[in-house]
Each structure stands twice: as structure tokens, then as C-alpha cells.
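Participant: Here is the input, now give the coordinates:
(4 chains)
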2 protein chains.
Amino acid sequence: MVKNPERKAQTKSNLMDSFWTLYKKHSIEDISVIKITELAGYNRSTFYEYFMDVYDLLNQIESNLVEKLKLEMIKNLSNPAATDIVDRMAAFFEENGEYLSVLLGSKGDPAFVNKLKALIKPLLMKAMCLSETEFDNQILFEFSLGGMLSALSYWYSNGKLISSGEYATIMRSLLMKGSLGVAREKMGVICLNP
Amino acid sequence: MVKNPERKAQTKSNLMDSFWTLYKKHSIEDISVIKITELAGYNRSTFYEYFMDVYDLLNQIESNLVEKLKLEMIKNLSNPAATDIVDRMAAFFEENGEYLSVLLGSKGDPAFVNKLKALIKPLLMKAMCLSETEFDNQILFEFSLGGMLSALSYWYSNGKLISSGEYATIMRSLLMKGSLGVAREKMGVICLNP
DNA sequence: AATTATTATGCAACACATTGTTGGATATTT
DNA sequence: AAATATCCAACAATGTGTTGCATAATAATT
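Facilitator: I've put the predicted structure just below:
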């Protein structure tokens, strides 16, 4: 029974914030429960009232993000004028980039990208009428999503040198013409493969 | 001074093998020095004669792989008949898949994919005469390499349902026609985006 | 409204596991 | 037989997860 909900929510939020402050700079194996609670100003054992361990905390942050993206995607896919799904993904990344860029980065969680793919893939395949059981389609989506997430991460982490709209334009042409198509268009010819 | 080189090499190799046996099944935070040395049949402190810590061991495995790929790539790029660079990458993944699929997977190392990209990107950009300083080109390569590595990982981890040659054919068409191009070709029309 | 009873929230302290290091035993080469 | 490379036992320090208790906030009673 929760007697003081605001206080409990506040404590949990404080612990999560302290964790994130550390996680932005250090990889998870360097983050001890002590460091989190010291930074947040609690006793170490208080941590265990809210989380099983540090990985549980991280998972809760990830689940919150995935849930948020799910709602966003369902909203956008139900909208028939969905040609700009790439824009919406870029916009979502921009809004939540502080978290996503860390989780998808060098010190991030390799399982997180799979959680994202597992959410996005079936929704998008259904919307595009592509069979989920067919192997070629799976490869196609692994390639496209893997590429998009890599590029999004690079874009965000390198100071967002272009707007999310411009970014989406590049993505669309990559998806429609292929990387080699875009490169060829740009150079006239590709040295390697004439 | 190394007095007994074979023995030392053997011990190091035993420790690395034991680590890898554990790493295939468990994520790195669950792997203690004790578990490695127990499995390999050494005292725990022997470990520290060879490695700084568990992460140092992992890094040495990664460095070995990166070095191997580097030699392979330089060999292939110097060869003028390099239209089949995608085949060679698929073949390399197949040969070293036991390691690569784990490192690139859910319990793998998120830093490893960046090590690979940092190696491949400049070599390939040079070969294709694309400026490394231009932002658009960076995004293009992040997308392509991120996509390829995702797809390779999926292909290998799901039982290699097709040959590496067939896989390379799919990759080539994705790179040349784009994901949407391939999907459109396949379906006639895409529901979402007519 | 004032006081007591209840219990949610946070903490101190315990037993245990893991880490990284130091100095010494033993086995192999010279 | 001498030298020392290789491996190991034991130590101090740090982190983990749990148990039982203090206190402060709500609920119940008068």
C-alpha cells in the first residue's frame, strides 16, 4: 500500500535522474548502487525499495521510451497521410534524443536497438502489406531499420548539423534510390564499381 | 622475459576460450574473473598476469578480429576486380560469425560496431572517391554500414537460411535500388505510400 | 480538534561475493 | 645448481542484497 504517492514518485524519479546523470558519461558496469544513491542523497538500501538492481532501473527507462514510441507510431500509422513516417521518426528521435543517443551509442545497451526493432518492424510491415514470415522481408527490414537507427544516432550525436526535416529528406532518398544510387547521382560515377 | 612461450600462449588461449564459452551465453556483467579461471582450471590471480580485467580480455578479442578484417579488406580493395566487395564481407562474416554474431548481438558490445565502422568507413570512402569530411557522405555510410551489419547479424543468428552468396545478392540490390525500390518491385505497389 | 494507532518510507548493519595486489612456492630453462 | 618465469594463497578494500528497526506521515478514535 502506497501511503505517500508523491513522495514515492519523487524518490524514484530522483534515483532515475541520478542514474542517468552517471550513465550519460560512464558505461553501466561502472555504475554502482552506491554511486546512484549518494548522488541522489539516499541510503543505498533505499534503492532496493524501487529497483531490483541497476539493470532493472535501465530497463524501466527503456520500457518508458518504447511505450512512448509505440503510441507515437500507432498514431502516425492510423493517419492515412503517412508518407512522412520518416519525418515523424526523425522528429521523435530529436525530441527524445538525449536518451536515445546514449542508449544507441558506444556505451549504450545493445539490447535496446532490438527492442526498438521488435516494436517498429511488425507495425511497419503490416502497414506496408509485407509478409512477416518471409525471410527476404525480414532482411530488408533489418537493413532499413538498422541503417536508419545508425544514421539517426550519428546525426544526433554529431551536433545535429542539419534539421530533422533535412535529415528525413536524405533518408527518404537513401530508402528510395539506395546508397549506391545516391552516391552515383552525386559523383556521376563510382570509382570502385564503374 | 618470457621463459616458456608455448605454455604462456596456451594459458592465455585457455583463459580466452573459457571467457568466450561464458560470453556466448551470458552478458559480460555476469562474467567474473573467478568463473573464467575456474572453468579454465587456474587460480584467479593468474588471470591478472594476462589481462587487466574482463573488459581488457574482451578488447583483445575484438582487436584481433578488427585486425583480421583490416588485412582482408586491404587485400580486397587493392584487387581491381572488386565488384564483389559485398560478397567478401559476407564471406568474412560467415567465417568469423561465431564471434561477430555475439559481439553484434543483444548481449554484445555496443562499442564493437563502432570499431568496425571506424575501420571500414575510411577504407571504403577512399576507394569510392567520396569526401570523408562531407556530412552527407558520413550519413550515407552510417546508414549503409549500420544496415549491412544489422542484416548480417540477423542472417547469421537465424541459422543462415540462405548462402552467403545469396545474401550478398540481396544486399547488392538493397544498396543499388533502395529498400523501398526492392519492396515496390516485389509487391507491385506499397500500401502505405502509393 | 486532539490524541493515539498504524504502517509506509527510509536507514544502519550483517553476511557474503568479487576485486586487485603482494609476496612466496614450484617447476622449467639455462 | 642457479636463476627466474609461471602460477597460487592470502589480504584489504569495495560492492551486493537482505533483515530488522527508527521515524514520520496518514488513519482511526475519542
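Participant: Can you read off the pLDDT for the residue in chain A positioned nearest to DNA strand C?
Facilitator: Among all residues of chain A, A:K3 sits closest to DNA strand C, at 2.8 Å; criterion: CB to the nearest atom of the strand. Just so you know, the C-beta spots here come from the backbone N, C-alpha and C atoms, and that holds for glycine as well. At A:K3, the predicted lDDT confidence score is 75.
Participant: ok, it to A:Y50 distance?
Facilitator: 15 Å (CB to CB, to the nearest Å).
Participant: These two: which is more packed in?
Facilitator: It is A:Y50, of A:K3 and A:Y50, that has more neighbours when counted by other CB atoms under 10 Å in any protein chain shown, with 17 against 6.
Participant: So which bits of the top helix by length along chain A are buried?
Facilitator: Longest helix of chain A, by residue count under DSSP state H: helix A:54-78. By 16 or more other CB atoms under 10 Å in any protein chain shown, the buried positions in helix A:54-78 come out as A:54, A:57-62, A:65, A:69, A:72-73, A:76-77.
Participant: residues of stretch A:13-21 that come out buried?
Facilitator: Buried-residue list, stretch A:13-21, by 16+ other CB under 10 Å: A:14-16, A:18-20.
Participant: nearest to DNA strand D, of the residues you listed?
Facilitator: Using CB to the nearest atom of the strand, these come closest to DNA strand D at A:F19, 11.7 Å.
Participant: and that closest one, which of the three is it?
Facilitator: helix (DSSP: H, G, I helix; E, B strand; the rest coil).
Participant: what pLDDT does it get?
Facilitator: 98.
Participant: quick one: it and A:L57 touch, right?
Facilitator: Yes: in this structure, A:F19 is within contact of A:L57 by CB atoms under 8 Å, at 5.4 Å.
Participant: Quick check: neighbours shared by those two?
Facilitator: By CB atoms under 8 Å, 6 or more residues apart in numbering or on different chains, A:F19 and A:L57 have these common neighbours: A:I36.
Participant: Give me the most central residue, chain A.
Facilitator: By CA atoms, centre = their mean, chain A has its centre lying nearest to A:L100, at 4.1 Å.
Participant: does it belong to a helix or a strand, and which?
Facilitator: helix A:97-103 (DSSP states H and E).
Participant: Could you list the buried residues of that helix?
Facilitator: Quick answer for helix A:97-103 (16+ other CB under 10 Å): A:97, A:99-103.
Participant: Pick the one among these closest to chain B.
Facilitator: A:L103 (8.9 Å; CB to the nearest CB).
Participant: Could you check how far the nearest residue to the closest one once chain neighbours are set aside is from A:S78?
Facilitator: Nearest non-adjacent residue to A:L103, counting by CB to CB, 6 or more residues apart in numbering or on different chains: A:F112, 4.5 Å away. Distance, A:F112 to A:S78, using CB to CB: 26 Å.
Participant: just to revisit the earlier point, how about the longest helix of chain A, does it get close to DNA strand C?
Facilitator: No: Helix A:54-78 stays clear of DNA strand C (CB under 7 Å from any atom of the strand), getting no nearer than 14.5 Å.
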